[in-house]
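[1] dropping the sequence and predicted coords here.
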Amino acid sequence: MTQEELAKKTKEELLSLARELQIKNRSRMKKNELIKALNHIYQQTRTTTEAQAKAAAQNIPPEPVFSAGLSQDRYPPQRSEEARFPLPSSYNETSITVLIRDPFWLYVYWDFSQEVKENLEKEFGAWNRTPLSLKVWEEQESGGIEPGFFNVSVNPATGHWYINVQPNHQYTVELGYFRPSGEFVSLARSNTVITPRATISEVVDEEWMIVEADFRRLYQLAGDPQAGSVELAEAALRRLEREMGSGAVTSLSSPFGQPPAERQFWLVLNTELIIYGATEPTASLTVDGQPVPLRPDGSFTLRMALPDGRKRIPVTARSHDGNDVITITPEVTKETY
């Protein structure tokens, strides 16, 4: 096919031909680029056919032709070298930082200024002889007990260390050294961290609690005497009262009198909706008219009960100066069968 014939075709027809010939990046090409790439393929095909015919006549195997189907003056694009900036081995500042790895381990890293290192070398004769130590201050999260501490000796050749600790405790680490007299000299003090609990959280989100009026409605629907499910409703009631002894189910009583013996098979179902997003950290946010606190990075997460039917949930963010307001309203539908 000649270039003039290709120019008479529409872009959709050219894309179809490019798809058949497996030309790369065809969807990004303009019409003239498609014509150029297709014409390049057809010219190579004609050249290969002529070479094969000539080789067959002379009984000589043809030379292979390799092509990506793209014009050499445009593809592939030139790659630019990324500038690399090596990190310095030291920032010439005496500091120490603590990070939490898990409930039982802290990761600590530090750095020294050149002036501090020179003074310690003069005092102890050599840097590797400096008796560096980490003074780890420990306090329970709830407080009430005097904070204690323990020391961890570290090698001057390293700039980081792992420290074994306890869950649900508050820790601050001092970087320093011991003088020959036994006195500890602090050079830097770290940030304070609180290790997480190693057990399930004791916090119960109120959004997960069953409202008594909603439970009564579910209970009445499940406890229709004509449907013969009184035993099921009573069993569900007792089971939920046992498992939610925190007061979520408070004063429920059976509308059908004393039930028969409890049955073992039962089912209770409920659903929740999770709403999450982000906005400017300084903005104020409301969901369905209720204020929602933002995290330091401006993100938020909200769980709410999802009843049957259609529900519109307007989410409004207002800038700190009050000049900008954005509202997004998702609409969700729940049907239970």
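    Great, that's in hand.

[2] show me where the protein has helices.
    For the chain, applying DSSP state H gives helices covering 3-7, 11-20, 31-58, 114-124, 212-222, 230-243.

[3] tell me the mean pLDDT over the third one?
    Taken as a whole, helix 31-58 has an average pLDDT of 74.

[4] which residue sits closest to Leu134, ignoring its sequence neighbours?
    Val152 (4.4 Å; C-beta to C-beta, 6 or more residues apart in numbering). C-betas here are computed from N, CA, C, even on glycine.

[5] tally up the residues packed near the one you found, please.
    15 (other C-beta atoms under 10 Å).

[6] how about it, what does it touch?
    Ser133, Leu134, Val136, Trp161, Ile163 (C-beta atoms under 8 Å, 6 or more residues apart in numbering).

[7] which of those residues sit farthest apart?
    Greatest spatial distance among those (C-beta to C-beta): Ser133 and Ile163, at 11.9 Å.

[8] tally of neighbours for Ala126?
    Neighbour tally, Ala126, other C-beta under 10 Å: 10.

[9] and it, what are its phi and psi?
    phi -160, psi 150 (degrees, to the nearest 10).

[10] from Pro156, how far out is it?
    9 Å (C-beta to C-beta, to the nearest Å).

[11] wait, what's in contact with Pro156?
    So Pro156 contacts Trp127, Asn128, Thr130, Leu132 (C-beta under 8 Å, 6+ apart).

[12] the second one contacts Thr158, correct?
    Yep, that's Asn128 we're talking about. No: counting by C-beta atoms under 8 Å, Asn128 stays clear of Thr158, with 11.1 Å between them.

[13] what's around Ile174, how many residues?
    Slight slip there: residue 174 is Glu, not Ile. Glu174, neighbours per other C-beta under 10 Å, totals 19.

[14] use 44 as the first number for this chain going forward.
    Yep, numbering from 44; the last one is Glu217 now.

[15] Thr370 contacts Pro357, doesn't it?
    Yes: using C-beta under 8 Å, Thr370 makes contact with Pro357 at a distance of 5.6 Å.

[16] more crowded one of the two?
    Set Thr370 next to Pro357 and count neighbours by other C-beta under 10 Å: Pro357 wins out with 13 against 10.

[17] chain neighbours aside, what residue packs nearest to the more buried one?
    Distances taken as C-beta to C-beta, 6+ apart place Thr372 nearest to Pro357, at 4.5 Å, with adjacent residues excluded.
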